[in-house]
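In: fold the following, please.
(2 chains)
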Amino acid sequence: MKHTQLRIERGRSLNSQFSIPGSILVLPALLFLAVFFAWPLVEIVSVSFTVSQVSRGATPLAVLADPAHLDALWFSLWQATLSTLLTLLAGTPIAFAFARYRFVGQRVWRALAVVPFVMPTVVVAAAFSALLGPRGAINAALQALFDLDRPPIQLFGTLPMILLAHVFYNVAVVIRLVGGFLSAFNPSIEEAAASLGASRWQVIRHISLPMALPSIGAAAALTFLFTFTSFGVVLILGGARFATLEVEIYRQTSQLLRLDVATSLAIVQIIVTLTVSWASARLEARASVPLESRPTSDIRKRPATLAARALVVGSLAFISVVLIAPLATLLLRSLNLEGGHLLRYYSALSENVRGSLFFVPPQTAIRNSLAFALVTAALATLMGLPLAYAIARGSDEQKSRLRCASPGARLLNVLLLLPLGTSAVTLGLGFLVAFDRPPLDLRTSIVLLPVAHTLIALPFVVRSVLPAIRSFDPRLRDAARGLGAGPLQALRHVDLPLLAAPFAAAAIFAFAISLGEFGASLLIARPEYPTMPVVIYRFLGQPGALNYGQALAMSSLLMLVTLVSALAIEWANEQTSR
Amino acid sequence: MRRLTVLLATAGLLAACAVPAPPPRTPEQTGSAELRSLTIMTHDSFGASEDVIAEFERVNNVKVVLLKSGDAGSTLNKAILSKNAPLADVLYGVDNTFLGRALAADILEPYASPALADIPDRFRLDPQNRMLPVDYGHVMINYDKAFLQEKGLKPPALLRELTEPQWKGMLVVENPATSSPGLAFLLATIAAFPEGSAYDWRQFWRDLRANDVHISPDWSDAYYTQFSGSSGKGPRPLVVSYATSPAAEVFFSEGRLAEPPTGNVEGTAFEQIEFVGILKGTKNRDLAEKWVDFMLSKRFQQDIPLQMFVYPVLPSAEWPDVFTKFGQPPAQAFALSPEQIDQGRERWIEEWTRIALK
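Out: Here you go, the predicted model:
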């Protein structure tokens, strides 16, 4: 069953697709999105456009007439485009390296790449400042070396700094999504082409890249939306001169309480999101071809050729310099180098010297963070997998020719990314006005925290596994069914082992999204279950060496927890899919 | 499949069990049938000692729930938007820069607390007592002593001096559109260089911009990442922070510092007063009144300095040593009335954004 070309006839039989009663399994996800996304959005739109103390009747078209808002839209768009391109450029080769080659410490390297994703922006800004700032290590070294008066590198407050930070945060998305996809499929076509005399560049250009295209499209869409709605990075690292729509929405809401303007801008964001989502869904569906699947362990080789070694070494060098170096400066600064105990700031985390009501022992913060992340990952994967299968089935082009396709599934695929591109500030106020009466008086409930995290994690899970499910050669499943396997047996013995890598990526990001407190600003009021990022921000709210040291100590613990969690999820996933 | 089911089920179960246990802080459960709860909505910077709150809970047989709701501006907005179904009984943390908005929104019930008798009149900005003063503080410029000494500079004596060449590239301020100290500092400059005067605040900010002022989105970034006098060791020696920041540096140095590494620049201060009020529609008016009285009592007032690093409004409240030594309020501060601020805030921020950023 070797494929010698990519254009293969698509699966023919009607029951070639997964056939458990999808509609029932999809219901929880649909209900979830309707209640926790659509409804709050509708409520806040209706409040925002009813003239009152908080609204003076601005409309989306009217706000765009203001050049400042148009600038914000334009800046949001092109910095996100640029950030996405750079992230793909950096991440795709690394994804190939991880998917095609086997090397020492591979799991740890891959887990390390996820750590930046969860770090609070203030802390990351401090790390970059320590390295690249006017008084940072690199400038100091260059000044000493070349006897310069002024620091030669002036990155802070510039666009390159924003782009660098966006790559820092999002490169793991590309590494995981593209890498996970590639490692599920057999590279034998690449080898065949090479043996037929294709040059390395021809193989990449005509085989590897087209093959990976659906996953690249998914990673690009997710990265674009994360950077399009970027808030902290733009504010802190870009300096105040740059403003995305999200920044403008926050300003209009928090300082000016102009909900009409804020919500109008949020609607503009939503329209852009829909366009991006539609384009990427189309790209993914068109680019999907059935590919021969193989369990991951079969296809990785030692990097034997010079080019292969260069790719692996280059990838690891990139991870070390761009991702690990800034994190390492934080680790260094979390140590007490001014005399006394080296780990003073860590031990201080467990002391409540001032008898504060809001003291949180570190183990409590870690436990809270892990608990919320676990719930988020469970909710997002349990709802997301059936959704991904339903979309793969419903939007299959072959099916549409047979008139079995559900337009609903296609629409769902497009709408699904909306939570990622919807302003957290706006949706948070939506929660406030939607959940203020029984039976859903949830405004201060603990439930809202994992719900907010899941809203972001769910689209992520679906988009990470969807390309693999689509490209999965349906004849394998047919064969299993033909041999008498039930649908669940087919899922267990055919789909799951082959989808192991994309599934691990999905679960890890669902977990990381919660650990990094994405969507936390959705909350009206934080219930009394502080997580690690909350504790970090609390320390950074007051002056003094002890506060700063403890903030960095807690940040270092957050890195450790993320690393260990990513490794554990991957391990658990390997155990189950074996 | 079974293994997968088991794994997912275990994960689900773990997740269910792992939902954190409620925090240990609960009042004595005796007579729990009558135990009521009182909800207080605050900004994220609220702080108090465990035993102080526990005392209130014990005496009044009540469970205090504190809803931290974001920064000061967001907290007030949430209170306004939930007017029809209030989230809390009491709102704390509105300051004089937002007082006008809070009063105009009609979300508070008047309460003439007997405890007000001991509070100086200058703090009582709402004659109808819908918002009662609790604490005050000063946003002002801090300087890095070592940095200035090394450069042979003396801290600026006047705000205007900051536009001179010797301070080029040395000042960090927060964006008034995203930060509460940033807004307070903008108001200080508006009070210092009033509109209509020959040299007004707009010109001052144009000159500051020409002198390479750095604008941070929030206090944490300004103080820790940009300011050279903090542990973050940033590049600039002047930052908009608080009058009590030098004292906090000593307090949080664990005895390492006998003197603050930073000092206050006189003549740059703006006074912030924080208020508490009873939210309209509370079903616990009696307890809410007791809470307001409690916040104005000596017990709570004396707890304020080391928990929130601001000053208690009650003159008889004693200050900790580190405050009397290093945390004295400035000799003078700029001020604007809540009405002036409420009328000007939006326009000033818009204008400032054009002048300082565009």
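
In: from A:Thr426, how far out is B:Asp212?
Out: 35 Å (Cβ to Cβ, to the nearest Å). Backbone N, C-alpha and C define where each C-beta goes, glycine included.

In: which one's more surrounded, the two?
Out: Neighbours were counted for B:Asp212 and for A:Thr426 using other Cβ atoms under 10 Å in any protein chain shown; A:Thr426 has more, 27 against 12.

In: isn't B:Ala356 right up against B:Leu208?
Out: Yes. The pair B:Ala356 / B:Leu208 is scored as a contact, 7.4 Å apart, by Cβ atoms under 8 Å.

In: surely A:Thr244 and A:Val233 touch.
Out: No. Between A:Thr244 and A:Val233 there is no contact under Cβ under 8 Å: 9.3 Å.

In: kindly tell me how buried residue 324 is, as a neighbour count.
Out: Just going to use chain A. 18.

In: sorry, should have said chain B
Out: 12.

In: quick one: the helix or strand where it lies to chain centroid distance?
Out: Assigned by DSSP states H and E, B:Thr324 belongs to helix B:321-326. Taking the mean C-alpha point of helix B:321-326 and that of its whole chain, the gap between them comes to 20 Å (Cα atoms, centre = their mean, to the nearest Å).

In: which residues of the stretch 251-358 of chain B lie near chain A?
Out: B:251-254, B:256, B:306-307, B:309, B:345-346, B:349, B:356-358 (Cβ under 8 Å from any Cβ of the partner chain).

In: thought A:Gln252 was touching A:Val261?
Out: Yes. Using Cβ under 8 Å, A:Gln252 is in contact with A:Val261, at 4.7 Å.

In: tell me how many other residues surround A:Arg354.
Out: Each residue near A:Arg354 was counted by other Cβ under 10 Å, and the total is 17.

In: how close does the residue nearest to it when sequence neighbours are not counted sit to A:Leu222?
Out: Counting by Cβ to Cβ, 6 or more residues apart in numbering or on different chains, B:Leu306 is the residue found nearest to A:Arg354 once chain neighbours are left out, at 5.8 Å. In this view, B:Leu306 and A:Leu222 are 45 Å apart by Cβ to Cβ.

In: how would you label B:Gly263: helix, strand or coil?
Out: Recorded secondary structure, B:Gly263: strand (DSSP: H, G, I helix; E, B strand; the rest coil).

In: my guess is it contacts B:Pro246. True?
Out: Yes. Counting by Cβ under 8 Å, B:Pro246 is a contact partner of B:Gly263 at 6.0 Å.

In: average pLDDT across stretch B:221-236?
Out: When pLDDT is averaged over stretch B:221-236, the result is 93.

In: got the contact list for it?
Out: Residues outside stretch B:221-236 that contact it (Cβ atoms under 8 Å, 6 or more residues apart in numbering or on different chains): A:122, A:125-126, A:129, A:133-135, A:236, A:540, A:543-545, A:548-549, B:142-147, B:169-174, B:179, B:214, B:216, B:237-241, B:245, B:249, B:261-262.

In: give me the distance between the two termini of it.
Out: By Cα to Cα, to the nearest Å, the extent of stretch B:221-236 from end to end equals 12 Å.

In: could you list the buried residues of it?
Out: B:221-236 (16 or more other Cβ atoms under 10 Å in any protein chain shown).

In: need the next SSE after the helix holding B:Thr324, C-terminal direction.
Out: Counting by DSSP H and E, what follows helix B:321-326 is helix B:338-356.

In: put the alpha carbons of that next one into CSV.
Out: Only the C-alpha atoms of helix B:338-356 are listed here, as CSV (Å, rounded to 0.1, in the frame of the first residue of the first chain):
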residue,chain,number,x,y,z
PRO,B,338,-13.4,64.8,42.0
GLU,B,339,-15.8,66.9,39.8
GLN,B,340,-12.8,68.4,37.8
ILE,B,341,-11.4,65.0,37.4
ASP,B,342,-14.6,63.4,36.3
GLN,B,343,-15.3,66.1,33.7
GLY,B,344,-11.8,66.1,32.4
ARG,B,345,-10.6,62.5,32.6
GLU,B,346,-11.7,61.2,29.3
ARG,B,347,-10.6,64.3,27.3
TRP,B,348,-7.2,64.5,29.1
ILE,B,349,-6.4,60.9,28.4
GLU,B,350,-7.3,61.2,24.7
GLU,B,351,-5.2,64.4,24.4
TRP,B,352,-2.3,62.9,26.4
THR,B,353,-2.4,59.9,24.1
ARG,B,354,-2.1,62.1,21.1
ILE,B,355,0.7,64.2,22.6
ALA,B,356,2.8,61.5,24.2
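
In: who are the packing partners of that helix?
Out: Applying 3 or more Cβ pairs under 8 Å, 6 or more residues apart in numbering or on different chains; DSSP states H and E, one finds that helix B:338-356 contacts helix B:99-104, helix B:180-192, helix B:201-210.

In: and these: which comes nearest A:Arg200?
Out: For the helices and strands packed on helix B:338-356, the distance to A:Arg200 is smallest for helix B:201-210, at 52.8 Å, taking Cβ to Cβ.

In: which residue is the nearest non-sequential neighbour of B:Leu132?
Out: In space, B:Leu132 is closest to B:Val276, 5.5 Å off (Cβ to Cβ, 6+ apart).

In: got the CA positions of the helix or strand harbouring the one you found in PDB?
Out: For B:Val276, the host element (DSSP H and E) is strand B:270-279. What follows is strand B:270-279, C-alpha atoms only, in PDB (Å, rounded to 0.1, in the frame of the first residue of the first chain):
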ATOM      1  CA  PHE B 270      -0.600  63.600  43.700                       C
ATOM      2  CA  GLU B 271      -2.800  62.500  46.600                       C
ATOM      3  CA  GLN B 272      -5.000  59.400  46.100                       C
ATOM      4  CA  ILE B 273      -7.700  58.700  48.600                       C
ATOM      5  CA  GLU B 274      -9.400  55.300  48.600                       C
ATOM      6  CA  PHE B 275     -13.100  54.900  49.600                       C
ATOM      7  CA  VAL B 276     -15.500  52.300  50.800                       C
ATOM      8  CA  GLY B 277     -19.300  52.300  50.200                       C
ATOM      9  CA  ILE B 278     -22.400  50.100  50.700                       C
ATOM     10  CA  LEU B 279     -23.700  48.800  47.400                       C
END
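
In: next secondary structure after that strand?
Out: helix B:285-296.

In: list the buried ones in that next one?
Out: Quick answer for helix B:285-296 (16+ other Cβ under 10 Å): B:287-296.

In: ok, B:Ile53 touching A:Phe358?
Out: No. Contact between B:Ile53 and A:Phe358 fails when scored by Cβ under 8 Å: they sit 10.1 Å apart.

In: residues contacting the closest residue to chain A within the stretch 251-358 of chain B?
Out: Nearest residue of the stretch 251-358 of chain B to chain A, counting by Cβ to the nearest Cβ: B:Phe252, 2.5 Å away. By Cβ under 8 Å, 6+ apart, the contact set of B:Phe252 is A:542-547.
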